[in-house]
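Q: Any chance you can model this:
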Amino acid sequence: MKGKNLGAQALLLNINPRAFYSACGCHSLNLTVCDMAKTCGKAKDFFGIIQRIYTTFANSTKKWKILKDNIGDGLTLKSVSSTRWESHINSVKAIRFQISDIRKALLQVADVDKDPKTSSEAKSLANNELGDFEFVVAIIIWYDILAAVNLISKDLQSKDMLIDVAIEKVQGLITFFKGYRDTGFTTAVEIAREIALEIDIDPAFRKKREIKRKKQFDENPDDVLDASQSAQESFRINYFLPVVDQAIASLTTRFEQYKSYEKTFGFLFTSHALNSLDDKNLRSSCSSLETALRSGDKSDIDGNDLYVELKLLQDFIPKEKNMGPIDILNFLKRLNCFPNATIAYRILLTIPVTVALAERSFSKLKLLKSYLRSTMTQERLSGLTLIAIENDILENVSYEELIEEFISRNARRMSRFC
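A: Numbers count the residues shown, from 1 in each chain. Below is the predicted model:
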């Protein structure tokens, strides 16, 4: 069952779509980036600066032409999305790889624009933001982070994504952030220094003015904080580490539901995982799955029967090939003698990784339920919604056969009344 089918069922059964969002991987990634952007004041200000740069050029066609003349056929500036945080990669990428050209365009706008406010804004962005080494380091860090998150988000939205593959990708993303926490900052600083030399700015972190205070007579020198902490180390501790640590914590917390899926269905993910279980562990896994699928006094499967079927299936499945859940389900259909195992694998394959397609299904309502169709019945609305959602299946339907069947039914009805 695909994501759009889930959305269609929820829509036709009058189920709140938020019930499907709790397990959506893309929503969880989106909220993870949102959490990262709120970790500290500098992280919040960063995306505000990105939006200010875009707004400066987008306010008029003349300023946009100045931008295009400087970047040529390069990446176009994008507005910062207020909802899809992982799509911020498009806004950051254009500045990350064209910071020199964009800075020149801002200085040119500051020179030619007659509006003092606009001229001052453009000059401030060129000198104070793009001319600040901290901002250059920050844009490299955020590009690395958003590129990794966006890559996984795109993969999770694929139609054939399975829950076991999604778990591996999310675990890989967590591993990436753990490694990036150790080496990412040093690499970002080195790249930022090369860019700083290219755009002719000081490749050093801005030192804050040291606040002098009166020393108390009974004060222990060991209790005083180390005032000699470098500006670079301060940036790493107060900016870089909170953002990356928040990413690791959010991913671990928001994808905790995936761990419960893995604990319940993990022994069914691959043929190698199934064959690796001994009798005791296999029986325990079947019993746990029966309990998880139980509702009241009824369960979708019988744990003891499932154990017998899977024990026999271990001898049927080829040992040299590692089969996935779809391959195993097709194998079971050909044999047609493993009812409980077939149900278990069907349930496994219906777990939604993402509901991006389901969201698009709900968006069909505003196209169908218009003011001109205010008196539409529920049956007609459900029919039109199903047609709109499953339009790819509808393209393969033979209309001529349906028309002929409809005419033949009417002809029989007419002869009955005559």
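Q: where in this structure is pLDDT low?
A: Residues of the chain that meet the criterion pLDDT under 70 lie in 1-23, 25, 83-87, 208-229, 354-363, 410-418.
Q: in it, which spans are strands?
A: Counting by DSSP state E, the chain has these strands, from start to end: 294-295, 298-299.
Q: Next, count neighbours for Met36.
A: Burial of Met36 is recorded as 25 neighbouring residues (other CB atoms under 10 Å). C-beta: built from backbone N, CA, C; applies to glycine.
Q: Ser250 is in contact with that one, correct?
A: Yes. With the criterion set as CB atoms under 8 Å, Met36 and Ser250 qualify as a contacting pair; they are 7.1 Å apart.
Q: Give me the domain ranges for the chain.
A: Per the record, the chain has its domains at 24-208+229-255, 262-349, by automatic domain parsing.
Q: Out of the ones you listed, which is closest to Ser382?
A: domain 24-208+229-255 (23.6 Å; CB to CB).
Q: Measure how far the closest one is from the centre of its chain, please.
A: On the basis of CA atoms, centre = their mean, to the nearest Å, domain 24-208+229-255 sits 17 Å off its chain's mean C-alpha point.
Q: And stretch 304-318, by the same measure?
A: 37 Å.
Q: Contacts for it, please.
A: By CB atoms under 8 Å, 6 or more residues apart in numbering, the list of residues contacting stretch 304-318 from outside reads 271, 274-275, 279, 282-283, 286-287, 289-290, 323, 328, 331-332, 335, 338-341, 344.
Q: quick revisit: from the domains of the chain, which stretch is densest packed?
A: The highest mean neighbour count among the domains of the chain, using mean count of other CB atoms under 10 Å, belongs to domain 24-208+229-255: a mean of 17.
Q: Compute the first-to-last residue distance for that one.
A: Separation of the first and last residues of domain 24-208+229-255 by CA to CA, to the nearest Å is 9 Å.
Q: could you dump the strands of the chain to CSV with distance to Ile140?
A: Supplementary listing: those in CSV, determined by distance: least, CB to CB, whole Å:
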stretch, distance to Ile140
strand 294-295, 51
strand 298-299, 53
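Q: so which of the ones you listed comes closest to Met376?
A: The closest approach between Met376 and any of the strands of the chain, judged by CB to CB, belongs to strand 294-295 at 34.4 Å.
Q: Excluding sequence neighbours, find me the nearest residue to Asp113.
A: The shortest distance from Asp113 to any residue other than its chain neighbours is 4.6 Å, reached at Ser119 (CB to CB, 6 or more residues apart in numbering).
Q: tell me the contacts of the one you found?
A: For Ser119, the set of contacting residues under the criterion of CB under 8 Å, 6+ apart consists of 109-111, 113.
Q: and if you look at Arg206?
A: When contacts are counted by CB under 8 Å, 6+ apart, Arg206 is found next to 132-134, 231.
Q: repeat for Gly131
A: Counting by CB under 8 Å, 6+ apart, Gly131 touches 103, 199, 201.
Q: The first one against Leu130, yeah?
A: Yes. In terms of CB under 8 Å, Arg103 counts as a neighbour of Leu130; the distance is 4.5 Å.
Q: if I look at these two, which residues touch both of them?
A: Common contact partners of Arg103 and Leu130 (CB under 8 Å, 6+ apart): Ile199.
Q: burial of Val397, as a residue count?
A: Val397 sits with 10 neighbouring residues when counted by other CB under 10 Å.
Q: which phi and psi does it have?
A: Per-residue torsions, Val397: phi -80, psi 140 (degrees, to the nearest 10).
Q: Against Val243, how distant is it?
A: 51 Å (CB to CB, to the nearest Å).
Q: before we move on, what about Tyr143?
A: Noted for Tyr143: a distance of 13 Å to Val243, by CB to CB.
Q: Please apply the same query to Cys40.
A: 7 Å.
Q: can I assume Thr252 is in contact with Gln171?
A: No. With contact defined as CB under 8 Å, Thr252 does not reach Gln171; the gap is 10.0 Å.
Q: What are the boundaries of the helices in the stretch 201-350 of the chain?
A: With DSSP state H, counting those that start in this stretch as the criterion, the stretch 201-350 of the chain has helices at 231-235, 241-254, 256-265, 271-275, 279-292, 303-316, 325-335, 339-349.
Q: that older thread, out of the domains of the chain, which gets nearest to Leu372?
A: Between Leu372 and those, the shortest separation by CB to CB is 29.0 Å, and it involves domain 24-208+229-255.
Q: if I pick Gly324, what's in contact with it?
A: Listed by CB under 8 Å, 6+ apart, the contact partners of Gly324 are 162, 164, 269-270.
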